[in-house]
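Enquirer: have a look; sequence and predicted model below, questions after that.
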Amino acid sequence: MKNIVLILMTMFLLVSCDDDFATGSDAQPVASTDTLHLGTLLADNSSPTYQLKLYNPNSKELKLTSIVLRNAPASGFRMNVDGMNGTSFANSDLLRISSGDSLFMFVEATFPQKGLGTQRHLDYVDVLCNGKTTTIVLDAVSKDVRRLQGYTVTTNEVWDKAGEIQIYDSLVIAEGVVLTLTDSTTLYLHDKANIIVYGSLKAQGTITRPVTIRGDRTDNMFDNLPYDNLPSQWGSLYMRRQSRGNSFEYANIRGMSDGIWVESEADFTNCRIKNSDGNLITAVDARTRFENCELSNAAGSLLDIVGGESAVVHCTLANYNFAASITQEALRLSNRDTLNNVSVPLLQCDFVNTIIWGRKFCPDICLDYHRPEQGDSIFNYRFDHCLIHADGTDDEQFMGTLWNTEPGFLLIDDKNYTYDFHLTDESAAKGAGTTDSASSQRSDIDGKEWQKPPSIGCYEWND
């Protein structure tokens with residue numbers, strides 16, 4: 001009799017426990033996504049950690065049978081469920097989700113170099129519950145790259161078309177040698193890695209196949225903000241006093257900590273340079289030329305010229321930096337190197353058909369003249385048919401100026417961190433330039449032929 005009572009009590013308890021769970025085949029968890037995209041990863045680099053959630057919308061608790069990463073470990077994906085690493089989970093105490101609650105899963109991936117260029121990778125997370133399987137697809141792309149660490153170029157080198165190279169520590173170009181980057185070459189600089197030029201660096205991109213110098217993080221900080229749009233992804237590009245013949249044509253350079261430093265000579269043509277946590281470009285006692293260039297978004301100045309000789313023709317300087325407060329005017333000209341406390345004559349600095357605009361300072365130019373104890377220091381500059389974020393009147397140094405007139409950029413979207421500095425139909429810069437600009441380019445940065453008269457900035461208005 002006692003045995004019968006014990007059996008009945010056990011059966012009652014089991015039925016009562018089952019009543020606490022949703023057991024029908026239609027009682028299923030809901031995944032936060034049916035496909036998790038991890039984006040493009042450089043081979044041998046670990047991805048960031050991505051989060052998945054399994055939500056229980058049922059009125060009772062769910063007990064999952066298992067969670068399995070289907071093709072592990074061969075696929076390259078890794079999984080963590082509720083704080084435990086593994087590829088297959090079947091612990092009934094772990095795999096329980098209270099009504100209205102969620103179970104968290106975390107996914108990472110690392111894909112090895114295979115010498116196959118770009119590859120797509122798929123794996124699947126299978127969640128078994130009440131006899132039914134819910135599958136979440138894991139999707140990623142890997143890209144094989146050449147990896148260099150603490151590399152010094154000691155003889156002339158040409159890095160060929162479509163070369164993709166990841167740089168750790170620093171890339172150094174020794175004095176007297178030339179490194180040439182041909183079209184479609186991409187340099188991925190790791191955190192704090194610098195490019196230091198004692199010889200010559202030549203970037204020879206084309207309008208459809210530019211040279212790119214950027215950070216090596218290929219994921220997103222937020223859904224609408226790739227790390228590639230942020231500053232401080234790598235160090236700086238230094239062209240030291242010994243270097244000669246540096247030139248950049250159709251080059252996209254972005255994401256620096258302290259921008260580009262020119263202490264010698266450099267020509268920039270049809271370049272897009274953006275996103276620095278300091279100055280974007282600093283030129284000290286240098287000879288520089290910027291033509292058809294877009295210089296945008298920095299915490300410091302976009303262009304800080306200390307002495308030397310410079311020409312800025314058909315350029316757009318636009319500072320809408322969102323990553324940190326803007327601390328200086330978009331353009332600064334000076335005849336004193338404050339770092340070394342020496343006078344540096346500004347022999348000549350010409351701005352022609354150029355937009356200089358930022359949203360914080362007005363005026364957005366600083367003409368920082370230092371008079372020496374004896375005599376005068378050379379401080380020569382000229383603005384010819386420029387649109388400037390400042391109040392003023394024309395004189396011998398300013399001719400045909402559009403003073404404090406909105407440039408009419410196509411898109412300023414701070415919410416989505418998106419900026420397009422092409423001109424709208426209403427732009428005052430449209431057709432307001434001078435044909436006597438000494439420009440070597442017959443077309444703008446996009447290849448659109450300059451009109452007569454041309455627009456101000458690096459973009460011709462699209463009629």
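Expert: Yep, that arrived.

Enquirer: how about the contacts made by L69?
Expert: Going by C-beta atoms under 8 Å, 6 or more residues apart in numbering, L69 touches 75, 77-79, 87-88, 123-125. Where you see a C-beta, it was placed from the backbone N, CA and C, and this is true even at glycine.

Enquirer: ok, now with 7 Å
Expert: 77, 79, 87, 123, 125 (C-beta atoms under 7 Å, 6 or more residues apart in numbering).

Enquirer: quick check, the last one in a helix?
Expert: No. When the secondary structure is assigned by DSSP: H, G, I helix; E, B strand; the rest coil, V125 falls in strand instead of a helix.

Enquirer: pretty sure it contacts I136?
Expert: Yes. Between V125 and I136 there is a contact under C-beta atoms under 7 Å: 4.3 Å.

Enquirer: which one's more surrounded, the two?
Expert: V125 (24 against 21; other C-beta atoms under 10 Å).

Enquirer: neighbours of V342, how many?
Expert: Neighbourhood size, V342 [other C-beta under 10 Å]: 11.

Enquirer: likewise for G400?
Expert: Burial of G400 is recorded as 16 neighbouring residues (other C-beta under 10 Å).

Enquirer: per-residue pLDDT, it?
Expert: In this prediction, G400 carries a pLDDT score of 97.

Enquirer: which residues touch it?
Expert: G400 neighbours (C-beta under 7 Å, 6+ apart): 384-385, 434.

Enquirer: repeat that with 10 Å
Expert: G400 makes contacts with 352-353, 383-386, 394, 432-434, 453, 456, as judged by C-beta atoms under 10 Å, 6 or more residues apart in numbering.

Enquirer: relative to G83, how far out is the residue nearest to S98 when sequence neighbours are not counted?
Expert: Using C-beta to C-beta, 6 or more residues apart in numbering and skipping residues adjacent in sequence, the residue nearest S98 is E61, 5.2 Å away. Distance, E61 to G83, using C-beta to C-beta, to the nearest Å: 19 Å.

Enquirer: who has more neighbours, these two?
Expert: The neighbour count for E61 versus G83, taken as other C-beta under 10 Å, is higher for E61 (16 against 8).

Enquirer: my read is that the more buried one contacts L103, right?
Expert: No. E61 lies out of contact with L103 (C-beta atoms under 10 Å); the separation is 11.4 Å.

Enquirer: find residues that contact each of the two.
Expert: In contact with both E61 and L103: 96-97, using C-beta under 10 Å, 6+ apart.

Enquirer: I'd like to know which elements the helix or strand harbouring L201 is packed against.
Expert: Using DSSP states H and E, L201 maps to strand 200-204. Applying 3 or more C-beta pairs under 10 Å, 6 or more residues apart in numbering; DSSP states H and E, we find strand 200-204 packed against strand 164-173, strand 178-182, strand 211-215, strand 237-239, strand 246-249, strand 251-256, strand 265-269.

Enquirer: dump those into a markdown table; add mean pLDDT and mean neighbour count as well.
Expert: Compiled in a markdown table, the helices and strands packed on strand 200-204 are given as follows (pLDDT from 0 to 100; neighbours: other C-beta atoms under 10 Å):
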| stretch | mean pLDDT | mean neighbour count |
| --- | --- | --- |
| strand 164-173 | 96 | 20 |
| strand 178-182 | 97 | 20 |
| strand 211-215 | 97 | 24 |
| strand 237-239 | 98 | 24 |
| strand 246-249 | 98 | 22 |
| strand 251-256 | 98 | 24 |
| strand 265-269 | 98 | 22 |
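
Enquirer: would a markdown table of those strands with distance to N194 be doable?
Expert: As requested, the helices and strands packed on strand 200-204 are exported to a markdown table (distance: least, C-beta to C-beta, whole Å):
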| stretch | distance to N194 |
| --- | --- |
| strand 164-173 | 4 |
| strand 178-182 | 14 |
| strand 211-215 | 11 |
| strand 237-239 | 6 |
| strand 246-249 | 15 |
| strand 251-256 | 9 |
| strand 265-269 | 16 |
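
Enquirer: those: which one's closest to T155?
Expert: strand 178-182 (9.3 Å; C-beta to C-beta).

Enquirer: next one: the residue nearest in space to the middle of the chain from N220, what distance?
Expert: Closest residue to the average C-alpha location of the chain: D228 at 2.3 Å, with C-alpha atoms, centre = their mean. Distance check for D228 against N220: by C-beta to C-beta, it reads 9 Å.

Enquirer: same check on N275?
Expert: For N275, the distance to N220 equals 15 Å [C-beta to C-beta].

Enquirer: between the two, which one's more packed in?
Expert: A direct count of neighbours by other C-beta under 10 Å for N275 and N220 places N275 higher, at 25 against 14.

Enquirer: can you report phi and psi for that one?
Expert: When quoted as degrees, to the nearest 10, the phi and psi of N275 stand at phi 70, psi 90.

Enquirer: isn't it up against L225?
Expert: No. Using C-beta under 10 Å, N275 is not in contact with L225; the gap is 11.7 Å.

Enquirer: okay, and the common contacts of the two?
Expert: Here N275 and L225 have 322-323 as joint contacts, going by C-beta under 10 Å, 6+ apart.

Enquirer: can you check the pLDDT for L14?
Expert: 45.

Enquirer: correction: D160
Expert: 86.

Enquirer: check the gap between it and C458 for me.
Expert: Separation of D160 from C458 (C-beta to C-beta) stands at 28 Å.

Enquirer: who's in contact with the residue nearest to P454 when sequence neighbours are not counted?
Expert: Counting by C-beta to C-beta, 6+ apart, G433 is the residue found nearest to P454 once chain neighbours are left out, at 4.2 Å. When contacts are counted by C-beta under 10 Å, 6+ apart, G433 is found next to 313-314, 352-354, 384-387, 400, 439, 450-457, 460.
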